[in-house]
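> 3D, please:
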Amino acid sequence: MNTVRNPADIHAPGGRYVHQIEVTNPSKLVFISGQVGMRPDGSVPTDATEQLAVALENVLANLAAAGLEPKHLTKMTVYAVGALDPAGRKAALDRLLGDHIACSTLVYVAALATPEYKVELDAWAAA
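You can find the predicted model right below:
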C-alpha cells in the first residue's frame, strides 16, 4: 500500500509533487533506468518539454511492461540541460499522469549522454 504524505510541520510542496510516499509491504518494486526523450522510431524532439513528454511516455511503457499503472509511480527524478519551462513541464505531467502525484526531484545538469538529449527521467514504482 502506498500512502501519500505532506507533513504539516514543513513547507507545502512548491510544485507538482508530494514530500513523501510510504510503501508498506510492497508486492512489487520497479526501478526504471533513465529514460530520454527518444521515440520508438529513434527520433528525438528538439524541444525540451517535448522530450520530457516522450521520456515520461517511456516510463509509462516500462510500468505497463511490469503490469503497473501510473498510480504506482512513487519517485521521479528529472535531469534537464538548460531551462525547462515550468508550465510546459506541469502540462506534460498533468496530461500523462492525470491526478497522480509522485515524489519528484528536478536537477539541472551541464550535459546528458549526447548533446541532443535535453531531458532524462528515472523513476521508481511500487505496488
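
> What residues sit buried inside stretch 18-26?
Applying a neighbour-count criterion of 16 or more other C-beta atoms under 10 Å, one finds 21, 23 buried in stretch 18-26. In this view, the C-beta of every residue, glycine as well, is placed from N, C-alpha and C.

> Please state the offset of that stretch from the chain centre?
16 Å (C-alpha atoms, centre = their mean, to the nearest Å).

> what about the nearest residue to Val109 once chain neighbours are set aside, which helix or strand?
Counting by C-beta to C-beta, 6 or more residues apart in numbering, Tyr79 is the residue found nearest to Val109 once chain neighbours are left out, at 5.1 Å. Assessed by DSSP states H and E, Tyr79 sits inside strand 73-81.

> So which elements touch that strand?
strand 20-23, helix 48-65, strand 103-109, strand 119-126 (3 or more C-beta pairs under 8 Å, 6 or more residues apart in numbering; DSSP states H and E).

> same thing but at 10 Å, please
Strand 73-81 is packed against strand 2-5, strand 20-23, strand 29-36, helix 48-65, helix 86-97, strand 103-109, strand 119-126, with contacts defined by 3 or more C-beta pairs under 10 Å, 6 or more residues apart in numbering; DSSP states H and E.

> So which of these is the most surrounded?
Most buried of these by mean neighbour count (mean count of other C-beta atoms under 10 Å) is strand 119-126; its value is a mean of 23.

> May I have that strand exported as PDB, CA atoms only?
This file holds the C-alpha atoms of strand 119-126, laid out as PDB (Å, rounded to 0.1, in the frame of the first residue of the first chain):
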ATOM      1  CA  VAL A 119      15.900  15.700 -20.500                       C
ATOM      2  CA  GLU A 120      16.300  12.400 -18.800                       C
ATOM      3  CA  LEU A 121      13.900  10.900 -16.300                       C
ATOM      4  CA  ASP A 122      14.300   8.000 -13.900                       C
ATOM      5  CA  ALA A 123      11.600   6.600 -11.800                       C
ATOM      6  CA  TRP A 124      10.600   4.100  -9.000                       C
ATOM      7  CA  ALA A 125       7.300   2.400  -8.700                       C
ATOM      8  CA  ALA A 126       5.700   0.200  -6.000                       C
END
